[in-house]
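**Student:** quick one, fold the following:
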Amino acid sequence: MSRLRHLLWAELMRSWLEQVRYPLQFVLGLVLIGLIFYLLTGFARVAGALDASGAQTAKLLVGYLLGLLAVGIIGAPAAQVGREAKAGTLENMVLSGQGLTAFFVVQVLARFWLNLLQFGLLFLVLGAIFKANFVFGWPLLPAFFLFILTSLGLGLMAGAVILLFKEVSQVFTLAQLLVFPAVIVELPQLQWFPLTLGASVFRKLILGASVAPLEWAILLLGTVAVYSLGVYFFQSADLLARKKGLLGHE
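**Tutor:** Numbers count the residues shown, from 1 in each chain. Predicted coordinates:
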């Protein structure tokens, strides 16, 4: 456990130093994300998908930022597996005795503060620009936590695939492209899937709508299931990769 605490602190410091050394990258990222949303709302207005009241714009903004957050978290374990494999340090992580799953979860959480900072800044700035009326309350925290936990579970599943097969980055990129619109648009076919349901519950709460107890119950159970499956698949992939000697392969 102490090693994991040291790893968490080291990753926090590394991500902080990266931002201090390359602040322009962070700023340009915010500008680009904001510009894309501005263009997205323009296209939606031309297509007649947004009303003049701004309610649909606020709804689109919440889904857009949650979609970006989900894509980033889902992609983090797989990207980290690729980096560690190229650096040849996966074996060292296994030999530490902590297990790959714990290492990658800690690394994702250590770098999550940057995603959260981007999310908060864009939420405030874009919400002010487009005059969105948001309702902030304590129920947002569990809804947000469950959404993040579901994203992390899916990320561990993706990381398990990368750990075993390595060269599936193109397929993984396509999968990420599917996640983004699924979170933005409330598709009836995916309304009970934990990731889209979490986004829907968060969207309802921040826009002032009520959430039924049944939705909370289904979201909680679905989140626990997805995260547990993610941990199980990643640990199973870890054991299989060790057995087949795949940890040192890029």
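**Student:** per-residue confidence for G127?
**Tutor:** At G127, the model reports a pLDDT of 84.
**Student:** burial measure for it, as a count.
**Tutor:** 18 (other Cβ atoms under 10 Å). Placement of C-beta: from N, CA and C, glycine included.
**Student:** let the chain start at 39 from now.
**Tutor:** Done: numbering now begins at 39, and the last item shifts to G165.
**Student:** wait, it sits on L98?
**Tutor:** No. Shown here, G165 and L98 do not form a contact pair, counting by Cβ atoms under 8 Å, at 11.6 Å.
**Student:** so for the strand or helix carrying F81, mean pLDDT?
**Tutor:** If you go by DSSP states H and E, F81 is part of helix 61-84. Averaged across helix 61-84, the pLDDT comes to 83.
**Student:** so what's K242 up against?
**Tutor:** Counting by Cβ atoms under 8 Å, 6 or more residues apart in numbering, K242 makes contact with S248, V249.
**Student:** could you rerun that using 10 Å?
**Tutor:** When contacts are counted by Cβ atoms under 10 Å, 6 or more residues apart in numbering, K242 touches K97, V100, V173, P177, A181, S248, V249, A250, E253.
**Student:** could you do L159 as well?
**Tutor:** Contact partners of L159, counting by Cβ under 10 Å, 6+ apart, are F64, L68, I71, G72.
**Student:** just to check, the second one is in contact with V163?
**Tutor:** Yes. Checked against Cβ atoms under 10 Å, the pair L68 and V163 is within contact range at 8.0 Å.
**Student:** out of the two, which sits in the busier spot?
**Tutor:** In this view L68 and V163 are compared by other Cβ under 10 Å, and L68 has more residues nearby, 15 against 12.
**Student:** distance of the more buried one from L154?
**Tutor:** Distance, L68 to L154, using Cβ to Cβ, to the nearest Å: 13 Å.
**Student:** pLDDT wise, what is L133 at?
**Tutor:** 61.
**Student:** and if you look at F183?
**Tutor:** 94.
**Student:** ok, now the one 5 residues further on?
**Tutor:** T188 is assigned 94 on the pLDDT scale.
**Student:** for it, helix, strand, or coil?
**Tutor:** Using DSSP: H, G, I helix; E, B strand; the rest coil, the structure places T188 in helix.
**Student:** in contact with it, which residues?
**Tutor:** The contact partners of T188, by Cβ under 10 Å, 6+ apart, come to 108, 111-112, 231-237, 257, 260-265, 268.
**Student:** quick check: what element follows the helix or strand of the chain at the bottom of the mean pLDDT ranking along the chain?
**Tutor:** In the chain, the helix or strand scored least confidently by mean pLDDT, DSSP states H and E is helix 128-133, which has a mean of 64. Sequence-wise, the next helix or strand downstream of helix 128-133 (DSSP H and E) is helix 138-167.
**Student:** buried residues of that following helix, list them for me.
**Tutor:** Neighbour-count burial for helix 138-167 flags 138-150, 152-153, 156-157, 160-161, 164-165 (criterion: 16 or more other Cβ atoms under 10 Å).
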